[in-house]
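**Student:** Next input, structure requested:
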Amino acid sequence: MPHDDTLFHELALTLLPGIGPQLTRQLMSYGGSAKAVLTMPPGKLRRIPGVGDVTVQALTGKAREAALRKAEADLKKAEKDNVAIIFYTSKRFPTRLKQLADAPVILYYQGTADLNAPKTVAIVGTRQATDYGREQTERLVAGLLPHRPLVVSGLAYGIDIVAHRAALQHGLDTVGVMATGLDIIYPAAHRKTAEKMREQGGLLTEFPFGTPPDRYNFPARNRIIAGLSDGTVVVEAAIKGGALITAELALSYDRDVLAVPGNLGSVASEGCNALIRSNKAALYSCPKDLEEQLNWDAALHQSGKFRPTPSYSADDFTAEEFALITVLATVKEVHMDELAWKAQLPIHAVASLLLALEFRGVVKALPGKRFLLH
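**Tutor:** As a prediction, the model looks like this:
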C-alpha cells in the first residue's frame, strides 16, 4: 500500500473507465473522500444523482481492482521520476483552473515552476508557422521580460515550441501542457526542449502515464492551456485549428485574448485577423498592448487608468474569506452566485462574508449583486 493513502484512492478514482471529471466531483461531494466512494456499497452509490448501473459496476467490480493496482504502480513511478500528482482538492492545484466548470480533477506535473505564478500568459498558434510568426513570437516573449510571467503553451510544432524555446533563452519559466502521459513526449523531436523545461518551468498533463497522443486529447489539453493563463496570445492561426479552440475556451473562461495581425491573404493569419475583426481578441502589436489588456503596466496603474490587483495575505483572513479573495483576484467583477460556486461556499455564508469584507474595505459592492476587490 502506498504511503499516501489519500492520494492513492484519489488517483484510483480518476483511473476508473467512464468516470469523468464532473462525475468524479459529484461522487466526491456525496462521499466526502475518494476512499469513501471506492468502498461505498452499491445501494448507497445508486442514490447519488447521475450514478447508474455502469458507474456502480466500475466502482465495485473488476475495473475498481484494476484501477487500484494501476494507481499503486503509478504512484511508485511518480515517486521515482519526481512527478507530482495533484488532485483537485489539494492546495497545490492551480487556483486559476480550480474555478472552471470543466477543469480536470487530477494533474501530473514534473517541473520547478509555480503553477500559481502571479502572472501567466499562454502563447499559441499554428503548427505551420511562417518566418513572420516565429519572429513575432520571439519578440513577444522578449517583451515579457520585465514581468517575468510563466509562459504556457502546448509543446507542439510551430508557434508553441518557438514560444517555449524563446522563454528558455530569456530565462523565463515555461510550462508545456501535454496531450499524452508525462512519459510520452510528443512530438519526440521536442524531447531536448522538454528536458530543459523540466528544469526551467515544467511539463503538465491530466493524462495518466502511458497515454498516447490520441486526437481527442488535444482539444482537452487546450482547455488547460487557456484556463491556466491570465491571457492568451494567438500569434498565427488558420481559420480552423487548435489555436482558435484555445482562444474560444479562454473567452468562455472570461480571460483576455489577444491576436497578432497578419497580412491579408496569408492563410497562417486568417484566424488571427478574424478574431480581431469579430472583437473576440484585442490586437497585439507590442508589449504595451498586453500590459494594458492584462493590467500589467505599473506606470498606468500609478496613473489610475488601471486598477492593480491587490495583494492580500491568508494570515489576515479566515479560510472562507481568503477563498473569496482568491476568486476575486482572478476576475474583474463577479456575481455573488458565481462567486459562491467558484469558492465552493454556501450562498448564505458568502453574503455575510462579503459584508464583513466590505466593511474592512477589501471588497466593493456593485449594482446587481456583483463584487470586485477594492
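**Student:** Could I get the full set of strands for the stretch 1-150 of the chain?
**Tutor:** Secondary structure of the stretch 1-150 of the chain, counting by DSSP state E, counting those that start in this stretch: strands at 84-87, 106-111, 120-124, 150-153.
**Student:** Columns distance to residue 14 and mean pLDDT on top of the ones you listed, output as a markdown table?
**Tutor:** Placement of C-beta: from N, CA and C, glycine included. Below are the strands of the stretch 1-150 of the chain laid out as a markdown table (distance: least, Cβ to Cβ, whole Å; pLDDT from 0 to 100):
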| stretch | distance to residue 14 | mean pLDDT |
| --- | --- | --- |
| strand 84-87 | 8 | 96 |
| strand 106-111 | 5 | 97 |
| strand 120-124 | 24 | 97 |
| strand 150-153 | 22 | 98 |
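**Student:** can you list those in CSV and add mean neighbour count?
**Tutor:** Formatted as CSV, the strands of the stretch 1-150 of the chain follow (neighbours: other Cβ atoms under 10 Å):
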stretch, mean neighbour count
strand 84-87, 20
strand 106-111, 22
strand 120-124, 29
strand 150-153, 28
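**Student:** would you list these in JSON lines and tack on distance to residue 38?
**Tutor:** Listed next are those as JSON lines, based on distance: least, Cβ to Cβ, whole Å:
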{"stretch": "strand 84-87", "distance to residue 38": "14"}
{"stretch": "strand 106-111", "distance to residue 38": "15"}
{"stretch": "strand 120-124", "distance to residue 38": "34"}
{"stretch": "strand 150-153", "distance to residue 38": "33"}
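**Student:** for the ones you listed, which one sits closest to residue 251?
**Tutor:** Nearest to residue 251, of all the strands of the stretch 1-150 of the chain, is strand 120-124, at 12.5 Å by Cβ to Cβ.
**Student:** how about low-confidence regions in the stretch 251-374 of the chain?
**Tutor:** 297-311 (pLDDT under 70).
**Student:** Apply 90 and report the result again.
**Tutor:** Along the stretch 251-374 of the chain, segments meeting pLDDT under 90 span 254, 264-265, 267-268, 294-323, 325-352, 359-361, 364-370, 372-374.
**Student:** repeat for the stretch 101-250 of the chain
**Tutor:** Along the stretch 101-250 of the chain, the model assigns pLDDT under 90 to residues 101-102, 239-242.
**Student:** what ranges do the helices span in it?
**Tutor:** 131-143, 159-169, 191-199, 217-227, 242-252 (DSSP state H, counting those that start in this stretch).
**Student:** Let me have the ones you listed in TSV, extended by distance to residue 15.
**Tutor:** Conversion of the helices of the stretch 101-250 of the chain to TSV gives the following (distance: least, Cβ to Cβ, whole Å):
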stretch	distance to residue 15
helix 131-143	37
helix 159-169	28
helix 191-199	24
helix 217-227	16
helix 242-252	25
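**Student:** need those in JSON lines with mean neighbour count and distance to residue 118, can you?
**Tutor:** Output for these, formatted as JSON lines (neighbours: other Cβ atoms under 10 Å; distance: least, Cβ to Cβ, whole Å):
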{"stretch": "helix 131-143", "mean neighbour count": "19", "distance to residue 118": "18"}
{"stretch": "helix 159-169", "mean neighbour count": "24", "distance to residue 118": "16"}
{"stretch": "helix 191-199", "mean neighbour count": "15", "distance to residue 118": "20"}
{"stretch": "helix 217-227", "mean neighbour count": "22", "distance to residue 118": "17"}
{"stretch": "helix 242-252", "mean neighbour count": "23", "distance to residue 118": "19"}
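**Student:** Of all these, which one comes closest to residue 4?
**Tutor:** Smallest distance to residue 4 across these (Cβ to Cβ): 22.3 Å, for helix 191-199.
**Student:** Grab the CA positions of the closest one and hand them over as CSV.
**Tutor:** The C-alpha trace of helix 191-199 is given here as CSV (Å, rounded to 0.1, in the frame of the first residue of the first chain):
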residue,chain,number,x,y,z
ARG,A,191,12.4,15.9,-26.2
LYS,A,192,15.5,18.0,-25.6
THR,A,193,13.5,21.2,-25.2
ALA,A,194,11.1,19.3,-22.8
GLU,A,195,14.1,18.1,-20.7
LYS,A,196,15.2,21.7,-20.3
MET,A,197,11.7,22.8,-19.4
ARG,A,198,11.7,20.3,-16.5
GLU,A,199,14.5,22.4,-15.0
